[in-house]
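> Sequence first, then the predicted structure, then my questions.
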Amino acid sequence: MKHTYNVTGMTCSGCENAVKTKLMSIPEITEVIPSKDTKTAVITMDKHVATDKLQEALGGTNSNYQISEQI
């Protein structure tokens, strides 16, 4: 399944790479396509991963990167 999330805090390609690397550390996630331009990440996963688990992988609530579901 593929979901698009809002991700704030990405300002450069290094940020995109950091977000991708951190989210790919979750075993259920098979692909992450982050975009600093649209402030989103398209995440493909084998089974649903809760948003709070995604945020935890990004460094928790005090991280530079904040992830939320698109409305």
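It's in.

> Check which residues of the longest helix seen in the chain are buried.
Ranked by residue count, the top helix of the chain under DSSP state H comes out as helix 13-24. Taking 16 or more other Cβ atoms under 10 Å as the neighbour-count basis, helix 13-24 is seen to contain the buried residues 15, 16, 18, 19, 20, 22, 23. Where C-beta positions appear, they are placed from N, C-alpha and C, glycine not excepted.

> excluding its backbone neighbours, what's nearest the last one?
Meaning residue 23. Using Cβ to Cβ, 6 or more residues apart in numbering and skipping the chain neighbours, the partner closest in space to residue 23 is residue 32 (4.6 Å).

> can you count the residues close to the one you found?
Residue crowding around residue 32 was assessed by other Cβ atoms under 10 Å; the count is 21.

> Next up, identify which helix or strand it is on.
Under DSSP states H and E, the secondary-structure element containing residue 32 is strand 29-35.

> who's in contact with the helix or strand immediately after that strand in the chain?
Counting by DSSP H and E, the element after strand 29-35 in chain order, helix or strand, is strand 40-45. With Cβ atoms under 8 Å, 6 or more residues apart in numbering as the test, strand 40-45 has contacts from 1-7, 19-20, 23, 26, 28-35, 49, 54, 67, 70.
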